[in-house]
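Engineer: Provide a 3D model corresponding to the input given below.
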Amino acid sequence: MRSRWFGLVAATLAAMVSIWAYPRLPETVATHWNLRGVPDDYSVQVDRLLPIGVGLLFAFLGNYLTRIEPNWFIGIRTPWTLSSDAVWRKTHRTGGWLFVIGGIVIAAGAFAPRGAFVPLFVATVIAVAGVPVVQSYVLWKRERRDRP
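Structural biologist: Model (predicted):
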């Protein structure tokens, strides 16, 4: 129970600091600097806030994904995870870590040059969603093969 409170308090504190700081930001913010340290790209506030929020959401969901018990409503629900508790646990453990790492990558992508964020976001979402599905099939196949 203690770990749930820590996450909730951390998320609430981060949201409160963001709400406090956001109106104090200038209308345009330097987001890229050249080799001499001179800003050469600017963004409006919202351009950078949304990817950070989505990244934090991914990380938050990934943290709880590892704790979800097998069910028909929430989680990585493939035919293979639903047919085996062992496959469910292993897939959700991997999926949880991928969501956390993917969330960090997406949040960090807010500071990437404009043209780089969309490909980075799409690649991250495909990896975070695709790897656990493939892993669940491979684990299920291996489990079936090893059964006497």
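
Engineer: Where do the helices of this structure begin and end?
Structural biologist: The residue ranges that make up the helices of the chain, judged by DSSP state H, are 2-21, 45-65, 79-83, 85-108, 114-146.

Engineer: got CSV for these, with mean pLDDT too?
Structural biologist: Below are the helices of the chain laid out as CSV (pLDDT from 0 to 100):
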stretch, mean pLDDT
helix 2-21, 75
helix 45-65, 86
helix 79-83, 93
helix 85-108, 94
helix 114-146, 91
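
Engineer: Tell me which of these sits nearest to Leu35.
Structural biologist: Taking Cβ to Cβ as the measure, the helices of the chain were each checked against Leu35, and helix 114-146 came out nearest at 17.3 Å. No exception for glycine: its C-beta is placed from N, CA and C like everyone else's.

Engineer: And the closest one, what's buried?
Structural biologist: Taking 16 or more other Cβ atoms under 10 Å as the neighbour-count basis, helix 114-146 is seen to contain the buried residues 117, 120-121, 124, 128, 132, 135-137, 139-140.

Engineer: follow-up on the earlier one: I'd like the helices of the chain laid out as a markdown table, including distance to Pro39.
Structural biologist: Below are the helices of the chain laid out as a markdown table (distance: least, Cβ to Cβ, whole Å):
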| stretch | distance to Pro39 |
| --- | --- |
| helix 2-21 | 20 |
| helix 45-65 | 14 |
| helix 79-83 | 47 |
| helix 85-108 | 19 |
| helix 114-146 | 14 |
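
Engineer: re earlier: list just the nearest of the buried residues of helix 114-146 to Phe99.
Structural biologist: Distance ranking of these against Phe99, using Cβ to Cβ, places Val128 first at 5.8 Å.
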